[in-house]
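Q: Next one to model:
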Amino acid sequence: MSRIFKRNMVLMLLCLVLSVFVGEQKYMCAEYGAAALNSADGTTETNTSAKAQKTFEVKLKKNKFTYNGKAQKPVIKAVYVNGKKIAKKYYKVTYKNNRRVGKGIVIVKGKGKYKGYQGSAEFNIVLKKARITKLTSTKAGTFTVSWKKDAQARNFQLQYSRSKSFTSGVKNVWVGRSGKKLVKGLTGNKAYYIRIRAFAKINGEEWYGPWSAIKSVVIKQKGTKTQAQTQTQIIPQSSTVWISGSGTKYHSHASCSNMKHPWQVSISEAIEMGRTACSKCY
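A: So this is what the prediction gives:
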């Protein structure tokens, strides 16, 4: 045995003898005894128990919120310590990053007999659902879509397809915050389905909002003309026609269709009034 080990053994025996007369010495004996028995080569190791971690387990009633410009404050469902639920009077709640789109944090700190304890839980503030406000096809092979702007969005993902379920032929177009986009190169006289969603990148993480409701539009075909354009080509705008107060047509002469109290107007005026050409006259 080493010299140090022998010394420790002697001290342990001495302490045991002294502890009979002096009660306080028994603590010293325990220390020397543990040191001696822990090392056969004479070195000492002290065993200390780790302090119990003072951690709360936090559960939220809801962990997903839609951005509305206001501070979000999730309700605490329960707080646990080692599986035991504790009363509300033993903790206080604060919030961090709880106003803008991204990850927010609920921080719970203990008080009273749980002072020093702490826990947290994350929740998400997501982008609003995009909304298409207008969809038209006024030029051949194109459509123009407008949507409601969103200050929290970096840009928008626009999808269009001939498939209502977006299972085939889906095209993606990334658009900015302008709120309006003209899409070209489409097939005329065919129905297209369109949807859009907001996008943002926060702390390197990509966030997508829900898709808007699906809207559809029939694409204008090249060479097609409106009824008004066709009518004004057949009849010069300077020509006058006959109309009546109760009819929906315009006529080339006053006696057509037994009109009562007819009067004359220009062809352009008749068209603006929603009148169409009489099939008997033209």
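Q: is it true that residue 164 touches residue 215?
A: No: Residue 164 is beyond contact range of residue 215, at 10.9 Å (criterion: CB atoms under 8 Å). Placement of C-beta: from N, CA and C, glycine included.
Q: joint contacts of the two?
A: Common neighbours of residue 164 and residue 215 are listed as residue 193 (criterion: CB atoms under 8 Å, 6 or more residues apart in numbering).
Q: More neighbours: those two, which one.
A: residue 215 (18 against 11; other CB atoms under 10 Å).
Q: Let me know the next secondary structure element after the helix or strand of the chain with the lowest mean pLDDT.
A: Using mean pLDDT, DSSP states H and E, helix 25-37 stands out as the lowest-scoring helix or strand of the chain, at a mean of 39. Downstream of helix 25-37, the next assigned helix or strand under DSSP states H and E is strand 57-60.
Q: So which bits of that following strand are buried?
A: Under the neighbour-count criterion of 16 or more other CB atoms under 10 Å, strand 57-60 has residue 58 buried.
Q: my read is residue 165 is in a helix, agree?
A: No: with DSSP: H, G, I helix; E, B strand; the rest coil as the criterion, residue 165 is coil rather than part of a helix.
Q: Relative to residue 209, how far out is it?
A: 20 Å (CB to CB, to the nearest Å).
Q: Next: residue 70.
A: On the measure of CB to CB, residue 70 and residue 209 end up 17 Å apart.
Q: between these two, which one's more packed in?
A: residue 209 (23 against 9).
Q: in the stretch 101-250 of the chain, which spans are strands?
A: 102-110, 118-126, 132-136, 143-147, 155-161, 171-175, 180-183, 191-202, 205-208, 215-218, 240-243, 249-250 (DSSP state E, counting those that start in this stretch).
Q: okay, those strands, which one's buried deepest?
A: strand 249-250 (a mean of 24; mean count of other CB atoms under 10 Å).
Q: What pairs with it, parallel or antiparallel?
A: strand 276-277 (parallel) (DSSP bridges).
Q: what is the mean pLDDT for the partner strand?
A: Throughout strand 276-277, pLDDT has a mean value of 82.
Q: got it, and stretch 90-107?
A: Stretch 90-107 carries an average pLDDT of 96.
Q: Give me the contacts around it.
A: Here stretch 90-107 has contacts from 56, 58, 60, 67, 69-74, 76, 79, 108-114, 117-127, 152, 200, 202-203, 205, 207, using CB under 8 Å, 6+ apart.
Q: Using CSV, write down the CA coordinates of stretch 61-73.
A: Provided in CSV are the C-alpha atoms of stretch 61-73 (Å, rounded to 0.1, in the frame of the first residue of the first chain):
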residue,chain,number,x,y,z
LYS,A,61,-53.5,25.4,-25.4
LYS,A,62,-52.7,26.6,-28.9
ASN,A,63,-49.3,27.0,-30.7
LYS,A,64,-50.3,28.5,-34.1
PHE,A,65,-51.6,32.0,-34.8
THR,A,66,-52.3,34.0,-37.9
TYR,A,67,-50.6,37.4,-38.1
ASN,A,68,-53.0,40.3,-37.4
GLY,A,69,-50.5,43.0,-36.4
LYS,A,70,-51.3,42.5,-32.7
ALA,A,71,-49.2,40.9,-29.9
GLN,A,72,-50.1,37.2,-29.6
LYS,A,73,-50.3,35.8,-26.1
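Q: All set now, cheers.
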